[in-house]
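Participant: Fold the stuff below for me.
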Amino acid sequence: MRNRIIISAIFIIIAAAISLFVWQKQKNPKPEAIALADIDRRLSESNRKIYEDRIKQAENYLSSLDPGTEDYYTLQANTFVYLAQQYYGLGQMQKSKEWYERALGLDPKSLSALSGLSATLTDAGDLEGALSVLKTALDDDARNPDIWAHYIELMKDIGAGEKELDRLYQDALQGTNRHTDLLTKYANFQESQGKIKEAIALWEEAIKAYPQRTELFRAEIKRLKSKE
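Facilitator: Below is the predicted model of the structure:
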């Protein structure tokens, strides 16, 4: 009898706990994600039709894909990215986001999907979301100079300070084996901070890394030396 009373009491306590949990969830429901607003691209009817025709063709292609096809999921993911790009061109940002997310569901490391999604979120004004996406891409592979450049520009937009941006440029150069595009961007940044000698040194390094553009880079060095 005593054991039954104890067991009954335990069930009552568990039921009460579950009821409390459900009540709290109902009282404080998780806010729904706000859909991204469309952007008016001011497209002509002919240009709009180009995007819409591409979307129809891609959708037809998806419906015709045979699951037994070799690389079926890769083909799907690539088509999802393509659709996301078309909706981005139309200015339908929420649909663009959703297709990029579907692509990432199949291939979480897809660089084209990650960079595309970050661009969509940036255009839609969700800078924090775009930064999060780019950080995911960099955590997985820090060798892409375009991702670094986009990430640093977004950090500037949200008000990162000089020291933080300087550290990011150095991290970017290390991750990309001192890619020329980042050397020149870092040179421009140093110039903006009044560090002319440092900027000149970076342009000189860029010449060694990419001698095909020596004339252009030397012109920048000449311009900077006139400021010393």
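Participant: Do you know the pLDDT at the nearest residue to Ile221 once chain neighbours are set aside?
Facilitator: Nearest residue to Ile221, sequence neighbours excluded (C-beta to C-beta, 6 or more residues apart in numbering): Trp203, at 4.9 Å. Quick note: C-beta positions are derived from backbone N, CA and C, even for glycine. On the pLDDT scale, Trp203 is placed at 98.
Participant: burial measure for Trp203, as a count.
Facilitator: By other C-beta atoms under 10 Å, the residues close to Trp203 number 24.
Participant: List the buried residues for the helix or strand containing it?
Facilitator: Using DSSP states H and E, Trp203 sits within helix 196-209. Buried residues in helix 196-209, defined by neighbour count with 16 or more other C-beta atoms under 10 Å: Ala199, Ile200, Leu202, Trp203, Glu204, Glu205, Ala206, Ile207, Ala209.
Participant: got the contact list for the helix or strand following that helix?
Facilitator: Downstream of helix 196-209, the next assigned helix or strand under DSSP H and E is helix 214-225. Applying C-beta atoms under 8 Å, 6 or more residues apart in numbering, the contact partners of helix 214-225 are Thr184, Ala187, Glu191, Ile196, Ala199, Ile200, Trp203, Glu204, Ala206, Ile207, Tyr210.
Participant: quick one: contacts for the fifth one?
Facilitator: This means Ala199. Ala187, Asn188, Gln190, Glu191, Leu224.
Participant: tell me which element the third one is part of?
Facilitator: Under DSSP H and E, the secondary-structure element containing Gln190 is helix 180-192.
Participant: List the buried residues for that helix?
Facilitator: Neighbour-count burial for helix 180-192 [16+ other C-beta under 10 Å]: Thr180, Asp181, Leu182, Leu183, Thr184, Lys185, Tyr186, Ala187, Phe189, Gln190, Glu191.
Participant: Closest to Gln174 out of these?
Facilitator: Leu182 (10.0 Å; C-beta to C-beta).
Participant: In terms of pLDDT, where does the most centrally placed residue in the chain sit?
Facilitator: With distances taken as C-alpha atoms, centre = their mean, Ser118 lies nearest the centre of the chain, 2.7 Å away. For Ser118, the pLDDT comes out at 97.
Participant: Distance from whichever strand or helix holds it to the middle of the chain?
Facilitator: Per DSSP H and E: Ser118 is located in helix 111-123. Here helix 111-123 is found 4 Å from its chain centre; the criterion is C-alpha atoms, centre = their mean, to the nearest Å.
Participant: just the CA coordinates of that helix, formatted as CSV?
Facilitator: Below are the C-alpha coordinates for helix 111-123, written out as CSV (Å, rounded to 0.1, in the frame of the first residue of the first chain):
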residue,chain,number,x,y,z
LEU,A,111,30.8,27.9,-50.4
SER,A,112,28.5,29.2,-53.1
ALA,A,113,25.5,28.8,-50.8
LEU,A,114,27.2,30.3,-47.8
SER,A,115,28.5,33.4,-49.7
GLY,A,116,25.2,33.8,-51.5
LEU,A,117,23.2,33.6,-48.3
SER,A,118,25.4,36.2,-46.7
ALA,A,119,24.9,38.5,-49.7
THR,A,120,21.1,38.0,-49.5
LEU,A,121,21.0,38.7,-45.7
THR,A,122,23.3,41.8,-46.2
ASP,A,123,21.1,43.3,-48.9
